[in-house]
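# next come a sequence and a model predicted from it.
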Amino acid sequence: VAKSGGKNRVRVFERGMREEVAAQDELVRDLRAAVDGGELRVLYQPQVDLRTGAVTGVEALARWQSGSRGLVEPAGFIPVAEATGVIDAIDDWVIGQACGQLRAWDDAGLPELRMAVNVSPRRLATGDLAVTLAAATRASGVHPSRLEIEVPEAVASGPDAAAGIRDVRALGVHVAIDDFGTGSSSLARLQDLPLDRLKIDSSSVALLAAGQAAGSLADAVIALGNSLGLQVVAEGVEQPGQLAALRSLGCDAAQGHLFGSPVPASAVEHMVRSGRPLIAVA
Ligand code: C2E
Ligand code: MG
Ligand code: MG
Ligand code: MG
């Protein structure tokens, strides 16, 4: 009895595995079709200059508006896109959209915004990211310096990223380290890279409260950024106390729900046109 029960459990397990694999295959098929079928969207999250309170840039963030699955957040498709290589087509498309949107905002008379895009780890290693960025900026007529790529800390400090980062920077596109403070990066390696900004990860920002800023990880990241001559951007800022702490530490810029969630381009335009500072400026 014990033996056949074990066999049954194995069969149930195998069936579970098969169903999971089938579901994963279907997700990959749907995702490929989504890229070609126009189901991807780009939302833009404002980045605020902490000295002036003005929106000076945005981060482009992908969404999948699926006919059958509804709105899918990046956590639901970026990992599988990276595992299967579909991410390259997604990133190319997002970069094209982002450049076109910058151009549209310029044409509409908005103040010049900076556009940050996320790139997948493998993309930096394969070496053709600079080619894509050059083509997209040329096609849209925006200067490469208006663009910034966000490279996760863990990737940037790895051995394969340096050449890709240098190619991108040589084009004039800026480079930011994303999610800084989550990995164990080699500072020696980072120091050798042509970087522009560090983004303090939201997990460090979440630990901040007004009056408890000194000695925090955010404090250390800002000091490090300053010493390397980099701008520091905080992400995931949700509370006024976090904002106050970041300003007291000399953080340059911030993004987060306190200022605005990722929104469609039209909402960014509205926000920028209103000219209203998003924070009180002393
Ligand atoms: P990320 O680049 O670190 O993006 C920041 C994430 O934090 C975004 O999640 C954003 O919506 C979220 N966020 C913004 N403000 C707040 C806040 O105040 N509190 C909290 N808790 N979260 C906030 P999202 O849009 O779900 O993107 C998740 C990740 O997916 C991104 O992390 C990025 O690594 C990846 N991703 C998104 N779009 C793309 C893309 O086009 N290409 C690639 N390769 N990766 C992408
Ligand atoms: Mg999200
Ligand atoms: Mg990012
Ligand atoms: Mg991040």
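All right, it came through fine. Numbers count the residues shown, from 1 in each chain. Ligands and ions are numbered 1, 2, ... in the order given.
# near ligand 1 at all, the one helix or strand residue 205 maps to?
In this assignment (DSSP states H and E), residue 205 forms part of helix 202-206. Yes - for helix 202-206, a contact with ligand 1 is found by CB under 6 Å from any ligand atom, at residue 202. (Glycine included, C-beta is placed from N, CA and C.)
# and what of stretch 122-138?
No - Stretch 122-138 lies apart from ligand 1 when judged by CB under 6 Å from any ligand atom; the minimum separation is 7.5 Å.
# send me stretch 194-210 as PDB with only the CA atoms.
Below are the C-alpha coordinates for stretch 194-210, written out as PDB (Å, rounded to 0.1, in the frame of the first residue of the first chain):
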ATOM      1  CA  PRO A 194      31.800  55.700 -17.000                       C
ATOM      2  CA  LEU A 195      28.600  56.200 -14.800                       C
ATOM      3  CA  ASP A 196      26.300  59.200 -14.300                       C
ATOM      4  CA  ARG A 197      23.900  58.200 -11.600                       C
ATOM      5  CA  LEU A 198      23.300  55.800  -8.800                       C
ATOM      6  CA  LYS A 199      19.700  54.800  -7.900                       C
ATOM      7  CA  ILE A 200      19.200  53.900  -4.300                       C
ATOM      8  CA  ASP A 201      17.000  50.800  -4.100                       C
ATOM      9  CA  SER A 202      13.500  51.200  -2.600                       C
ATOM     10  CA  SER A 203      14.400  48.700   0.200                       C
ATOM     11  CA  SER A 204      16.900  51.200   1.600                       C
ATOM     12  CA  VAL A 205      14.500  54.100   1.100                       C
ATOM     13  CA  ALA A 206      11.800  52.000   3.000                       C
ATOM     14  CA  LEU A 207      14.100  52.000   6.100                       C
ATOM     15  CA  LEU A 208      14.300  55.700   6.200                       C
ATOM     16  CA  ALA A 209      12.400  57.800   8.600                       C
ATOM     17  CA  ALA A 210      12.800  61.500   9.300                       C
END
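# quick one: is whatever helix or strand comes next after the helix holding residue 205 near ligand 4?
Proceeding N to C from helix 202-206, the next assigned helix or strand is helix 217-227, under DSSP H and E. No - judged by CB under 5 Å from the ion, helix 217-227 and ligand 4 are separated, with a smallest distance of 12.7 Å.
# neighbouring strands of the very next helix or strand once past helix 217-227 in the sheet, and parallel or not?
Using DSSP H and E, the helix or strand that directly follows helix 217-227 along the chain is strand 231-234. Strand pairing for strand 231-234, using DSSP bridges, gives strand 197-200 (parallel), strand 253-254 (parallel).
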